[in-house]
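K.L.:
can't give you the sequence, but here's the structure:
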RNA sequence: GACCCCAUGGUCUAGCGGUUAGGACACCACCCUUUCACGGUGGUAGCCCGGGUUCGAUUCCCGGUGGGGUCGCCA
């Protein structure tokens, strides 16, 4: 039998990193087993479920590269979808729930209570066979022992999560429920519901949670908790996905960075860890850097242009060749794309502002004649390439009897406004003689 | 409070009765270097505690401690 798994988020207005990882593990399992990955929107709740909130989820999954075989095509609950087990919005499945509740009622497995409908829960401990955790015997808590039965339809007629979740999994033929460990306690309820409907429950796999660095539960307010953060901060989706895979799972053999195709091949449920993992932004950034420095020049260029544009720097105003060479000097230097405007924005604006601390240190009277000599040397360079520029600078330093660094720092500050950045000689070559001389002249005035 | 899950350096992990306990991030030192990085070399740092089982436990069992989760007419 072919596997069928689903990711069933509630549109809360953000895609939580834990949810994304759950989606990812489901997706990996489906791809690994050659089964189907289904997206179902659990929007039974309140008015907080807006189309915009669904869009956030759809966009987040798209960005991560997680595609679904069945599910909605748009954020419109009544809009088009793919798959023959729809609709995939719970708000459109009300009739199914009503039918199932009637069945329970008529079999005496549920009953009305103060206008709501409650399910007759079994009193004995429920045994769950979990693919990750193992066999779990779930006993009633003291609170539940008071009244083990739980509401499946609210008094206003709205079916409740436990009911809709189970009915949908049943109707959609879900074979494996892969979800966060925070659902493990709920699973006892769900297993009993399946039994009441006279069917075998799906197989369960409760995966560990992603915690904050301090070990507390990650809420939407915490750093890195929502996928939008990564989109906004200039992360590469493959890096985020790769990192997420390593939280609660390992490819073994001391391997960490590996293509998704290989992860799909290696991934399986029994190897998922049981303990929670803490989120480490530093490691994610390192991994992102690994992806950024090894990606193709074309992709780097495309993402870079987009990032500059976001920061208000229009690279289209410059010759394509200039833009390309400028961006090339940044490859392998930045960890996140959002560092780019600060790192290399000087290529795309004539309004260079000097780092005040550095200016105080480098633009001093003592450096004025040195910079002047360097400027004159650069003016003599006919073929304005990095090798010639390096030779010119070093030669000047030699004549001045100073180390290269004495010229390098002021020159960098004069042309970029920064104390660090791409290779100086390469950046000068890209900037070109006119710009370099002009910027040097401006700095010369400042230094005098 | 009750119920459930979990436990290898600061963090992510490999390990599945006998290992100098391996890798990665981070950190420190040195080298390289025009800046910042990259890279290279070396280094600090770990099996939560207590009982068992065993010739021998990081590894198996029990208890404790610690962490997390769940006990809604939220999902």
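P.N.:
Perfect, thanks for sending it. These figures come from a predicted structure and were not determined experimentally.
K.L.:
how about the nearest residue to residue A:422, chain neighbours excluded?
P.N.:
When the adjacent residues along the chain are set aside, residue A:422 lies closest to residue A:329, with 3.7 Å between them (C-beta to C-beta, 6 or more residues apart in numbering). Every C-beta, even on glycine, is put in place using the N, C-alpha and C of the backbone.
K.L.:
next, give phi and psi for residue A:315.
P.N.:
Main-chain dihedrals, residue A:315, degrees, to the nearest 10: phi -70, psi -20.
K.L.:
so it makes contact with residue A:348?
P.N.:
Yes - Residue A:315 is in contact with residue A:348 according to C-beta atoms under 8 Å; the separation is 5.7 Å.
K.L.:
joint contacts of the two?
P.N.:
residue A:308 (C-beta atoms under 8 Å, 6 or more residues apart in numbering).
K.L.:
what number of residues lie near the residue in the stretch 251-400 of chain A positioned nearest to RNA strand B?
P.N.:
Nearest residue of the stretch 251-400 of chain A to RNA strand B, counting by C-beta to the nearest atom of the strand: residue A:275, 2.9 Å away. Residue A:275 has 8 neighbours, counted by other C-beta atoms under 10 Å.
K.L.:
residues contacting it?
P.N.:
residue A:208.
K.L.:
what packs against the longest helix along chain A?
P.N.:
Ranked by residue count under DSSP state H, the longest helix found in chain A is helix A:17-33. Applying 3 or more C-beta pairs under 8 Å, 6 or more residues apart in numbering; DSSP states H and E, one finds that helix A:17-33 contacts strand A:4-7, strand A:36-39, helix A:51-64, strand A:176-180, strand A:203-207, strand A:210-211, helix A:237-245, helix A:260-266.
K.L.:
near RNA strand B at all, the second one?
P.N.:
No - Strand A:36-39 stays clear of RNA strand B (C-beta under 7 Å from any atom of the strand), getting no nearer than 13.4 Å.
K.L.:
hmm, who's touching that strand?
P.N.:
With C-beta under 8 Å, 6+ apart as the criterion, strand A:36-39 contacts A:2-8, A:26-27, A:30-31, A:61, A:66-72, A:83, A:85, A:88, A:172, A:174.
K.L.:
so for it, mean pLDDT?
P.N.:
Confidence over strand A:36-39 (mean pLDDT, whole number) is 98.
K.L.:
over to the last one?
P.N.:
Confidence over helix A:260-266 (mean pLDDT, whole number) is 97.
K.L.:
starting at the chain centroid, how far to that helix?
P.N.:
19 Å (C-alpha atoms, centre = their mean, to the nearest Å).
K.L.:
who's in contact with that helix?
P.N.:
By C-beta under 8 Å, 6+ apart, helix A:260-266 touches A:28, A:31-32, A:65, A:238, A:241-242, A:245, A:251-252.
K.L.:
how about 7 Å then?
P.N.:
Outside of helix A:260-266, the residues within contact range by C-beta atoms under 7 Å, 6 or more residues apart in numbering are A:28, A:31-32, A:238, A:241, A:245, A:251.
K.L.:
same thing with the longest one?
P.N.:
By C-beta under 7 Å, 6+ apart, the surrounding residues in contact with helix A:51-64 are A:9, A:11-15, A:20, A:23, A:41, A:75-76, A:227, A:231, A:237, A:240-241.
K.L.:
out of the residues you listed, which is nearest to residue A:168?
P.N.:
Using C-beta to C-beta, residue A:41 comes nearest to residue A:168 of these, at 10.4 Å.
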